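mind looking at a prediction? Sequence and model below.
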Amino acid sequence: MMDREQLLRDMFAAAIAAADPALCVPKHLPDPPKGRTIVLGAGKAAASMAKAVEACWKSPLEGLVVTRYGHAVSCQQIEVVEASHPVPDQAGRDAAERMLRLAQSAGADDLVLCLISGGGSALLTLPAEGVTFEEKQEINRALLASGAGIAEMNCVRRHLSRIKGGQLAAACHPARVVSLLISDVPGDDLASIASGPTVPDPTTREEAQAICARLGIQAPTFVETPKPGDPVFARVENHLIASGLASLNAAADVARHAGYEPLVLGDYIEGEAREIGLVMAGIARHMIRAGKRCAIISGGEARVTGAKSGRGGRNSEFLLSLALALEGTDICALAGDTDGIDGSENNAGALLLPETLSRLRTKGLDPRALLDAHRSYDAFEASGGLIVTGPTLTNVNDVRIVLVG
C-alpha cells in the first residue's frame, strides 16, 4: 500500500515539476532588444517566472508582475506585487493600472516581455470605462457562483476590462511583445489564459452580454476588444511554455516506469466535481473487470456549486465522491491542484486509500453526509489524506490519478 501511495505522490510531483518556471522560461526567452526590456506579468506563477527571467537575462530589466497573496518570490529588478484571488482587490487594480502605464511607455526599440499564467484574470483587474471596481468585484463573485465554464467567465471579463482581451498588447504598440504563457485552461486556448491580455480576442461584447443574460448577471456596460488581424498585434508573439496536458504526460511517464499502463484522458475534463468522481469510478470498474493494471490520469477544472458553508475543494470533493462510488474495491487515487491550493484551504488536494471510508466511520463520521455538506476537506483531514505542498509557484490546473491493480 505504501508503494502505491508513494507512486501517487511521485506522479503528482512530476506533474508539478513539468510546469516549473525555472525549467520552462529560459528556453523561450528572446534576444535582448536595442532599447529597454520591460517585464510585465500576472498570475499565480508570475513571480517565479520573473525570477527565472532575472536568472538568465544579461541586460538591464525593469517591470512589474502581480501574483496571488503567498505566491511572491524575491526579485532584484522586477517589482512583485501580491493581490487577491479569485475575487479582485484594490492591490490588483492598482498594479494593473501601473502595468498599463508601463506598457504605454514602450517604444519601437523596446521589448515588452509578458509573463502570463493562470489566476491572472482576477489579479489583473482594471475595469472598463463605465464600470466601477465594486461592480467588477460583484460580477466576478457572481460568475464564480454561477457554475459557468472558464471560457464563459473569461469572455465576460475581457469585455469589462481595459487591459484584458489583447488590450495590454495594444497598449505596448509599437514595441515588440513576447508573451510566455503557462496554461491552466482545458485545451490551452491562449485567449482564455488570464483572459488573454496579449492575445487577439475572438469573442464579441454581444457574446458577453448573452452569457450574463443567461446567468442572470447584471453588468453596466461591455466594451469591444481588439480582434485577430488588428495591426497592433503585428509585433506580438505568444508562446505556450507549459500546459496541463504536458504535466499529465509527465505523470504518465512515472506510472509507466512503475509498471502501470497510463490511460491519459486529457485536460478537458470539466463539470461538477462529484459527477466527475462518478464517471471516473465507472472507468475504474471497467478496468478492474478487464484485469488491467493501469493509471487513469485526467486534468481540467472541476467545480463545486451550491456550497454555502463547509470546508472543501473541488479535488477533495471529487475524491470523496469517487470513494463512495468505488467502496469495496482496492483503489487508490490522488487529486490535486498544481498551484498547491485546492479551493480556499491550505491543501493542494488529497489522497484516497482503500481504508479511507472505514477510517471516517470509525471516527463516527458519515462520508455521504460530509459529501452532501461539501465538507470534503474535513473528511480527508480526519482520514489523514490531505496533500499539503504550499504554493508551488506554478499553475496548470488539476491532476487526477486513479490507480487500478
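That came in fine, so what should we check first?

helices of the stretch 201-350 of the chain, start to end?
Secondary structure of the stretch 201-350 of the chain (DSSP state H, counting those that start in this stretch): helices at 205-215, 244-257, 273-289, 314-325.

mind putting those helices into CSV with distance to residue 192, mean neighbour count and mean pLDDT?
(Each C-beta comes from the backbone N, C-alpha and C, glycine too.) Below are those laid out as CSV (distance: least, Cβ to Cβ, whole Å; neighbours: other Cβ atoms under 10 Å; pLDDT from 0 to 100):
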stretch, distance to residue 192, mean neighbour count, mean pLDDT
helix 205-215, 13, 17, 95
helix 244-257, 12, 21, 98
helix 273-289, 20, 18, 98
helix 314-325, 18, 27, 98
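
ok, the closest residue to residue 184 other than its chain neighbours to residue 306 distance?
Leaving aside its chain neighbours, residue 184 sits nearest to residue 118 (2.7 Å; criterion: Cβ to Cβ, 6 or more residues apart in numbering). Using Cβ to Cβ, to the nearest Å, residue 118 is found at 24 Å from residue 306.

swap in residue 332?
29 Å.

with neighbour numbers in mind, choose between the two.
Ranked by neighbour count (other Cβ atoms under 10 Å), residue 332 and residue 306 place residue 332 first, with 20 against 8.

partners of the more buried one in the sheet?
residue 403 (DSSP bridges).

for it, give me its contacts.
For residue 332, the contact set (Cβ atoms under 8 Å, 6 or more residues apart in numbering) comprises 1, 4, 5, 8, 351, 352, 353, 354, 402, 403.

okay, it: pLDDT?
For residue 332, the model assigns a pLDDT of 98.

can you offset everything so residue one is 371?
Okay, using 371 as the starting number, the last item reads as residue 702.

name the nearest residue to residue 552, sequence neighbours excluded.
Nearest to residue 552 is residue 487, by Cβ to Cβ, 6+ apart, at 4.0 Å.

surely that neighbour and residue 420 touch.
No: the criterion here is Cβ atoms under 8 Å, and residue 487 misses it with residue 420 at 10.9 Å.

shared neighbours of the two, anything?
Jointly contacting residue 487 and residue 420 under the rule Cβ under 8 Å, 6+ apart are residue 411.

who's more crowded, those two?
Set residue 487 next to residue 420 and count neighbours by other Cβ under 10 Å: residue 487 wins out with 34 against 30.

ok, now which ones touch that one?
Here residue 487 is in contact with 411-416, 419, 551-552, 554, 563-564, 764-765 (Cβ under 8 Å, 6+ apart).

got a winner among these for most neighbours?
Of these, with other Cβ under 10 Å as the count, residue 415 tops at 38 neighbours.

relative to residue 589, how far out is that one?
Relative to residue 589, and taking Cβ to Cβ, residue 415 is found at 29 Å.

below-threshold pLDDT in the chain: ranges please.
371-372, 677-679 (pLDDT under 70).

now find how far off-centre stretch 436-448 is within its chain.
17 Å (Cα atoms, centre = their mean, to the nearest Å).

also stretch 740-756?
Worked out by Cα atoms, centre = their mean, stretch 740-756 lies 23 Å from the chain centre.

isn't residue 624 up against residue 378?
No: using Cβ under 8 Å, residue 624 makes no contact with residue 378, being 9.6 Å away.

so in terms of bridging, what pairs with residue 719?
residue 706, residue 757.

burial of it, as a residue count?
Other residues close to residue 719 by other Cβ under 10 Å number 30.

residues contacting it?
By Cβ under 8 Å, 6+ apart, the neighbours of residue 719 are 382, 683, 685, 686, 689, 704, 705, 706, 707, 712, 757, 768.

residue 598: which of the helices of the stretch 571-720 of the chain is closest?
Smallest distance to residue 598 across the helices of the stretch 571-720 of the chain (Cβ to Cβ): 15.0 Å, for helix 575-585.

residue ranges of the strands in this protein, please?
Here the chain has its strands, by DSSP state E, at 407-412, 432-438, 449-453, 481-487, 546-552, 606-612, 631-634, 641-642, 664-670, 672-673, 702-707, 719-722, 756-757, 768-774.

with distance to residue 515 as added columns, please give those in TSV.
Converted to TSV, the strands of the chain look like this (distance: least, Cβ to Cβ, whole Å):
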stretch	distance to residue 515
strand 407-412	23
strand 432-438	20
strand 449-453	21
strand 481-487	24
strand 546-552	26
strand 606-612	29
strand 631-634	32
strand 641-642	14
strand 664-670	20
strand 672-673	10
strand 702-707	19
strand 719-722	22
strand 756-757	25
strand 768-774	20
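
ok, which of these comes nearest residue 507?
Of all the strands of the chain, strand 449-453 comes closest under Cβ to Cβ, at 12.3 Å.

touching that closest one from outside, list them.
Outside strand 449-453, the residues touching it (Cβ under 8 Å, 6+ apart) are 416-417, 420, 433-444, 459, 461-462, 464-465, 493.

with only the CA atoms kept, save that strand in CSV.
This file holds the C-alpha atoms of strand 449-453, laid out as CSV (Å, rounded to 0.1, in the frame of the first residue of the first chain):
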residue,chain,number,x,y,z
GLU,A,449,8.8,44.5,-8.8
VAL,A,450,6.5,41.8,-7.4
VAL,A,451,3.1,42.8,-6.1
GLU,A,452,0.7,40.5,-4.3
ALA,A,453,-3.1,40.8,-4.7
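
who does it pair with, and is each partner parallel or antiparallel?
Strand 449-453 sits in its sheet next to strand 432-438 (parallel), going by DSSP bridges.

what's the spacing between the strand it pairs with and its chain's center?
For strand 432-438, the distance to the chain centre is 17 Å (Cα atoms, centre = their mean).

ok so, going back, so which of the contacts of residue 719 is the most crowded?
Going by other Cβ under 10 Å, residue 686 tops those with 36 neighbours.

pretty sure that one contacts residue 717?
Yes: the criterion here is Cβ under 8 Å, and residue 686 meets it with residue 717 at 7.3 Å.

now for these two: what residues contact both?
747, 750, 756.
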